[in-house]
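Trainee: no sequence on this one, just coordinates:
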């Protein structure tokens, strides 16, 4: 965690106070209660305000780290035989505004996301305000039977996103929440709209990579097939090695590839 804090940087307390005073004024509060979250997050300082709002505060250093991550991911995309499709933001405010807009777009097409409230700038910091979800689980925290139950729901929600010309861009275990039995997406990143097909294949590969260690490669692929074609799964297969390079994914890429290929071969034989 020390390395993460070093890379993420520490926002000076007077600047944080400026943000908190701005929040109190915007929401007509004489005082607010703030709980900072020691989250696994390199790109912001998150906190919960009055058990009502989830707030992400983004600094110039966070923006710089995001630029480095974006460059590394775009280089990694070359290993899948495609140009990079991740995009960087001009600064902290733009990072907050993008996530607000991405969340609004997902909400408009009927996906479950924390309600987006606003994004603004205070003392050079980007501030994103969203609904706070007090109770949720990630797939990693759930028993295997529950993960199996929700796996098709994940692919159904993801396919709805993709059918509406959207992509998440950073799908991993901690960015998919289960609250009140429903799938919620958080922390979407920016992808090039001209390369949306590659970004959607990457999303699908990330979803398979997240589920395979929890329910097995075969069952993850079968769950995905309920909402994606064999051709789309073969497209995702090309990104599995790239996804496996990420430190936040740990799965057997060869097994997932093999299950995709077996499924595609079986369907070819059935139609021939």
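Mentor: The structure has been received and is ready for your questions. This structure is a prediction, so every number in the text was calculated from the model and none was measured.

Trainee: what segments of the stretch 151-272 of the chain are helices?
Mentor: Taking DSSP state H, counting those that start in this stretch as the criterion, the stretch 151-272 of the chain carries its helices at 196-215, 217-225, 230-237, 240-244, 253-271.

Trainee: just how off-centre is the helix or strand where residue 146 lies within its chain?
Mentor: Using DSSP states H and E, the element containing residue 146 is helix 144-163. Offset of helix 144-163 from its chain centre (C-alpha atoms, centre = their mean, to the nearest Å): 14 Å.

Trainee: next: stretch 166-177.
Mentor: Distance, centroid of stretch 166-177 to centroid of chain: 3 Å (C-alpha atoms, centre = their mean).

Trainee: the helices of the stretch 151-272 of the chain into CSV, with extra columns for distance to residue 23 and mean pLDDT?
Mentor: Where C-beta positions appear, they are placed from N, C-alpha and C, glycine not excepted. Formatted as CSV, the helices of the stretch 151-272 of the chain follow (distance: least, C-beta to C-beta, whole Å; pLDDT from 0 to 100):
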stretch, distance to residue 23, mean pLDDT
helix 196-215, 33, 96
helix 217-225, 41, 98
helix 230-237, 40, 97
helix 240-244, 37, 93
helix 253-271, 43, 91
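
Trainee: hang on, residue 215 packs against residue 151?
Mentor: Yes. In this structure, residue 215 is within contact of residue 151 by C-beta atoms under 8 Å, at 6.2 Å.

Trainee: of the two, which one has the most company?
Mentor: residue 151 (23 against 17; other C-beta atoms under 10 Å).

Trainee: wait, what's in contact with the more buried one?
Mentor: Under the criterion of C-beta atoms under 8 Å, 6 or more residues apart in numbering, the contact list for residue 151 reads 211, 215, 219, 220, 223.

Trainee: how many neighbours does the last one have?
Mentor: When neighbours are counted by other C-beta under 10 Å, residue 223 registers 23.

Trainee: not counting sequence-adjacent ones, nearest residue to it?
Mentor: residue 151 (4.0 Å; C-beta to C-beta, 6 or more residues apart in numbering).

Trainee: now residue 98: how far from residue 56?
Mentor: Distance of residue 98 to residue 56, computed by C-beta to C-beta, to the nearest Å: 12 Å.

Trainee: these two: who's more crowded?
Mentor: Neighbours per residue, other C-beta under 10 Å: of residue 98 and residue 56, the larger number sits with residue 56, 23 against 18.

Trainee: just to be sure, that one is in a helix?
Mentor: No. Using DSSP: H, G, I helix; E, B strand; the rest coil, the assignment for residue 56 is strand, not a helix.

Trainee: just checking, it touches residue 96?
Mentor: Yes. Shown here, residue 56 and residue 96 form a contact pair, counting by C-beta under 8 Å, at 6.9 Å.

Trainee: mutual contacts of those two, please.
Mentor: With C-beta under 8 Å, 6+ apart as the test, residue 56 and residue 96 both reach 127, 128.

Trainee: I'd like the distance between residue 217 and residue 237.
Mentor: From residue 217 to residue 237 the distance is 12 Å (C-beta to C-beta).

Trainee: what comes up buried for the helix holding residue 146?
Mentor: Buried residues in helix 144-163, defined by neighbour count with 16 or more other C-beta atoms under 10 Å: 147, 148, 150, 151, 153, 154, 155, 157, 158, 159, 161, 162.

Trainee: now, which of the residues you listed sits nearest residue 233?
Mentor: For the buried residues of helix 144-163, the minimum distance to residue 233 (C-beta to C-beta) is 10.4 Å, reached by residue 155.

Trainee: can you tell me the closest non-neighbouring residue to that closest one?
Mentor: Residue 155 sits nearest to residue 227 (C-beta to C-beta, 6+ apart), 4.4 Å away.

Trainee: residues contacting that neighbour?
Mentor: Residue 227 touches 152, 155, 156, 158, 159, counting by C-beta under 8 Å, 6+ apart.
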